[in-house]
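J.: got a sequence here, can you build the structure:
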Amino acid sequence: MSKAFIAIDLGAESGRVIVVTLDKGQVEFNEVHRFPNTVIQLPSGLHWNVSELWRAIVDGLKKANDWCTMNSHTPLSVGVDTWGVDWALVSRSGELCGLPHSYRDARNPKAFQRIVKKLGTDLIYQTTGIQLMHINSLVSLNAQLTADPTLVRSADRLMFIPDLLHYWLSGLPSCEHTIASTSQMLNVHTGEWATELLQTLEIPIHICQAVNSPGSVLGPILPALAKQTGLPTSLQVVLPPSHDTASAVTAVPAQPDASWAYISSGTWSLLGAEIEKPCVTSAAQAAMFTNEAGINGTTRFLKNIAGLWLVQQCRADLNHGNQQEFSYAELTNAAEQSPAFRTLLNPQYAPLSLPGGMLTKINSYAEITSQPNCQNPGQFIRCCLESLAMAYRRNLELLELVLEKEFKCVHIVGGGGRNRLLNQLTADVIGKPIIVGPFEATAVGNGLVQAMANGAIANLTELRQVVRDSFELETYQPNPSEAIQSAYDRFCQLPSEPK
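T.: Residues are numbered from 1 along each chain as shown. Got it, this is the predicted structure:
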């Protein structure tokens, strides 16, 4: 019987339960359950419906057990990865203290301003090594502390979303390093909590738990959950790289001696490099790169870029009230037929990060930058995709400048790699080969780190060899032109802040 590892992969738009199998050095990916993940607006703000997520996860675990039984596979472990930064508060008895807020909650920008004013950018960055953004946990926790200090101070512990789900799986609390590193609450030099910084903001230290390394074995699933799902009571809960980007970067199929950068492409685009230790030089701070924990003590030195969130929000606007909905494929086809470099935007323009009204926001941006409005679906989507490719080039150039290193190729992993137009635009604009795949890097990285924890894979080098041997990769060669360079020069002049 082949070994099987259950990866629970939660993104900002959907969640999945996947059975990752390993047999004779080949990994296979088997999605057994997919479900939506949506935010809900309540009087207290924008929240994640984690109760509904848990119900869907339990349904997925039942399906995972059925699949393993039907296909003669032995499930050995389970692990969860999710989007970054969001957290929950839990009481001493294990009770959830309210629904977790979404990082897109409208109260965060004011909290961000308070924190920067009180601490200053130098102290925050030099302590945490994290890009200053209003989505960070440090900011949202300050927002919660301002809104309801009693709730925060009376909580027993803070749990990031995958830690909460690992707790519900096993009954054992944990705090996995890669997800905690997204919070802007860890000391980048020690990997421990930045206690002085937290105390200055009056964040109670007692809610911060000891940090666990990815690949740690937490313990078996709860007996009641085993009975409910049919899974064996011996099934272990293993902490994968619990930040989805960390799992995705783990599964980048790079050659051991290659000089490569990566883009983890999804709702967010994370562009960066895997380095041996954090980089918080003055150049890194000026470019505002983030240092997040990776597998085996590595650092994911990267920049957060708005990503396919722009396309997702355009699609939501275009489909609102329409009987016939546009698919992503239809929108991409329309974009291919639209004129090139007609309208561009800076993906970091702050109003674009909040949900709703994306079409209006894009045309408002076009007006303030003296560009033509987008007039049809193809033009809106092409604007988003071309702007993302331009942002990739600018941030890759910054990455090379800060690290004083030239990268020979860029690996794109994640679901955004299915957008062939964006892939080719990225190759053309960046001017380097783009290697795409696997699309399911996050779940594969999650599952294969579980395999490493179970002794089925020896190390990270072997893990990436397994990925190379298991998936067909596609390379996009660049086609540079004067038109691209002219458009890039225009893009570099576009503002990131409202006038």
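
J.: next SSE downstream of the helix or strand containing residue 448?
T.: Here residue 448 sits within helix 441-453, counting by DSSP states H and E. Next along the chain after helix 441-453, taking DSSP H and E as the criterion, comes helix 460-470.

J.: mind listing what's buried in that following helix?
T.: 460, 463, 464, 465, 466, 467, 470 (16 or more other CB atoms under 10 Å). The C-beta positions use only the backbone N, C-alpha and C, and glycine is treated the same way.

J.: closest one to residue 212 out of those, please.
T.: residue 460 (18.0 Å; CB to CB).

J.: can you give me the helices for the stretch 201-350 of the chain?
T.: Taking DSSP state H, counting those that start in this stretch as the criterion, the stretch 201-350 of the chain carries its helices at 223-229, 244-250, 282-287, 309-319, 328-336.

J.: quick one, the helix or strand following the last one and helix 309-319 angle?
T.: Remark: after helix 328-336, the chain's next helix or strand is helix 358-368, criterion DSSP H and E. Using axes from the mean of the first three to the mean of the last three CA atoms, to 10 degrees, the direction of helix 358-368 lies 110 degrees away from that of helix 309-319.

J.: helices or strands up against helix 358-368?
T.: helix 309-319, helix 377-403 (3 or more CB pairs under 8 Å, 6 or more residues apart in numbering; DSSP states H and E).

J.: from those helices, which stretch is densest packed?
T.: Here the criterion is mean neighbour count by mean count of other CB atoms under 10 Å, and of the helices and strands packed on helix 358-368 the winner is helix 377-403, at a mean of 22.

J.: mean confidence for it?
T.: Averaged over helix 377-403, pLDDT sits at 98.

J.: show me where this structure dips below the pLDDT cut-off.
T.: 1, 498-499 (pLDDT under 70).

J.: 80 instead, please
T.: Within the chain, the stretches with pLDDT under 80 are 1, 323-324, 498-499.

J.: domains for it, by residue range?
T.: 2-238, 252-437+458-499 (automatic domain parsing).

J.: mind putting these in TSV, distance to residue 245 included?
T.: Listed next are the domains of the chain as TSV, based on distance: least, CB to CB, whole Å:
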stretch	distance to residue 245
domain 2-238	7
domain 252-437+458-499	5
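
J.: quick one: the residue of the chain most remote from its centre from residue 391, how far?
T.: With CA atoms, centre = their mean as the measure, the chain has its most outlying C-alpha, relative to the mean C-alpha position, at residue 482: 33.8 Å. Distance, residue 482 to residue 391, by CB to CB, to the nearest Å: 21 Å.

J.: do the same with residue 162
T.: 28 Å.

J.: just residue 378 next, same as before
T.: From residue 378 to residue 391 the distance is 20 Å (CB to CB).

J.: same question, residue 29
T.: 29 Å.

J.: could you do residue 434 as well?
T.: 15 Å.

J.: from what I can see residue 252 touches residue 411, true?
T.: Yes - using CB atoms under 8 Å, residue 252 is in contact with residue 411, at 4.9 Å.

J.: now do the shared contacts for these two.
T.: In terms of CB atoms under 8 Å, 6 or more residues apart in numbering, residue 252 and residue 411 are both contacted by the residues 260, 262.

J.: and the closest residue to residue 182 other than its chain neighbours, how many neighbours?
T.: The spatially closest residue to residue 182, leaving aside those adjacent along the chain, is residue 84, at 3.5 Å (CB to CB, 6 or more residues apart in numbering). A count of neighbours around residue 84, defined by other CB atoms under 10 Å, yields 28.

J.: what packs against the helix holding residue 448?
T.: strand 2-10, strand 14-23, strand 26-36, strand 73-82, strand 236-238, helix 244-250, helix 460-470.

J.: what is the orientation angle of the first one with strand 14-23?
T.: Going by the same axes, to 10 degrees, strand 2-10 is angled at 160 degrees with respect to strand 14-23.

J.: partner strands of strand 2-10 and their direction?
T.: strand 14-23 (antiparallel), strand 73-82 (parallel) (DSSP bridges).

J.: what inclination does that strand have with respect to helix 441-453?
T.: 130 degrees.

J.: how about the third one?
T.: Here the directions of strand 26-36 and helix 441-453 differ by 130 degrees (the same axes, to 10 degrees).

J.: got it, and the second one?
T.: Taking the same axes, to 10 degrees, one finds strand 14-23 and helix 441-453 inclined to each other by 40 degrees.

J.: and strand 14-23, how far out from the chain middle?
T.: 18 Å (CA atoms, centre = their mean, to the nearest Å).

J.: between the helices of the stretch 201-350 of the chain, which one is closest to residue 372.
T.: Using CB to CB, the nearest of the helices of the stretch 201-350 of the chain to residue 372 is helix 328-336, at 15.7 Å.

J.: just give me the neighbour total for residue 488.
T.: Around residue 488 there are 19 residues (other CB under 10 Å).

J.: quick one: the residue nearest to residue 182 from residue 270, how far?
T.: 9 Å.

J.: overlap in contacts of those two?
T.: In contact with both residue 84 and residue 270: residue 245, using CB under 8 Å, 6+ apart.

J.: so residue 60 sits against residue 35, correct?
T.: Yes - taking CB under 8 Å as the definition, residue 60 is a contact partner of residue 35 at 7.4 Å.

J.: tell me, what's touching those two both at once?
T.: With CB under 8 Å, 6+ apart, residue 60 and residue 35 have common neighbours 15, 16.
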